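With the input below, show me the fold.
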Amino acid sequence: MIDGREPDFQIPDKAIIARLCDRRFGIGADGLIIIQHSSQNDFVMRYYNADGREGSLCGNGGRCAVAFCSKLGIVSGTTRFEASDGLHSATISESGQIHLEMKDVSDIQIHSDHYELYTGSPHYVRFVDQLEKMNIFQLGSEIRNYPQYGKDGINVNFVSETRDWLFVRTYERGVENETFSCGTGVVASAICAALKSNTDKTSFPVQTRGGKLEVSFERSGETKFGKIVLSGPATFVFKGEVNDSFG
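Numbers count the residues shown, from 1 in each chain. Presented below is the predicted three-dimensional model:
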């Protein structure tokens, strides 16, 4: 997270962002978020993948951006901000949970063994058994690079179900590896779980390798989902400075 609201702030180039995210020669991250000034809303969130390219929406990043801006004193309690897919609203509960409102979802492709949908980023969702034992890197990379998804690829989610919750593991494009938690992927997986079970359930607790999240929504018609909210904690870890010679 970088506070880039000053007028003279310059966004780092692709190579520097990639090096900042490098886990051996940089700080180490799945992506970089820069907070910029907005003339109409509380702030602008710009997300960059670990490879240095500007990415589509990062759901967990959006929750972390809200927590970061709360720490900076930009927001308090509720907020409205701009992201790559438009405006988002969010609230911060007294317990510190961040509740992020997502865009409506209606264009869902249902295939024999998977789903494809857009939840701020494009996602492929497949339900599997023995998820813990799967080689997510190998299979996720293979699917992400299928020719039909073009050079930008697609995020790949594998989901297992229990009676009470979902377990989701995600291979993310731009990171080109499994990440411990993907917010837009968790939202996509919960929506697909509702489609798969044809249930009236409107809330799904989700376990990822990085922690627990919850997705709630309202459903109208077969494949129309609105008032989607991604909820979970956002924990401050550390802060530091990077000098001008980095990169």
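
Any chance you could list what contacts stretch 2-9?
Defining contact as Cβ atoms under 8 Å, 6 or more residues apart in numbering, one finds that stretch 2-9 is touched by 11, 32-37, 43, 46, 68, 72. All C-beta spots, glycine's among them, are computed from the backbone N, C-alpha and C.

Got the domain ranges for this structure?
2-101, 108-232 (automatic domain parsing).

Determine which of those approaches residue 242 most closely.
domain 2-101 (7.0 Å; Cβ to Cβ).

List only buried entries from the contacts of stretch 2-9.
Among these, those scoring as buried are 32-36, 43, 46, 68 (criterion: 16 or more other Cβ atoms under 10 Å).

Now go through the residues you listed and say which are in helices.
Mapping those onto helices (DSSP state H) picks out residue 68.

Check the buried ones among the contacts of stretch 2-9 and tell me the two furthest apart.
The largest separation in those, counting by Cβ to Cβ, is between 32 and 43 at 15.5 Å.

Was I right to think residue 187 contacts residue 119?
Yes: the criterion here is Cβ atoms under 8 Å, and residue 187 meets it with residue 119 at 4.6 Å.

which residues do those two both contact?
With Cβ under 8 Å, 6+ apart as the test, residue 187 and residue 119 both reach 59, 102, 105, 228.

contacting residues for the first one?
It stands for residue 59. Contact analysis of residue 59 by Cβ under 8 Å, 6+ apart lists 100, 102, 119-120, 182-187, 230.

Present the residues you listed as JSON lines; the columns should include secondary structure, distance to residue 222 and neighbour count.
As requested, the contacts of residue 59 are exported to JSON lines (DSSP: H, G, I helix; E, B strand; the rest coil; distance: Cβ to Cβ, whole Å; neighbours: other Cβ atoms under 10 Å):
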{"residue": "100", "secondary structure": "strand", "distance to residue 222": "25", "neighbour count": "27"}
{"residue": "102", "secondary structure": "coil", "distance to residue 222": "19", "neighbour count": "25"}
{"residue": "119", "secondary structure": "coil", "distance to residue 222": "17", "neighbour count": "31"}
{"residue": "120", "secondary structure": "coil", "distance to residue 222": "21", "neighbour count": "25"}
{"residue": "182", "secondary structure": "coil", "distance to residue 222": "25", "neighbour count": "31"}
{"residue": "183", "secondary structure": "helix", "distance to residue 222": "25", "neighbour count": "27"}
{"residue": "184", "secondary structure": "helix", "distance to residue 222": "21", "neighbour count": "29"}
{"residue": "185", "secondary structure": "helix", "distance to residue 222": "22", "neighbour count": "29"}
{"residue": "186", "secondary structure": "helix", "distance to residue 222": "22", "neighbour count": "28"}
{"residue": "187", "secondary structure": "helix", "distance to residue 222": "18", "neighbour count": "30"}
{"residue": "230", "secondary structure": "strand", "distance to residue 222": "22", "neighbour count": "28"}
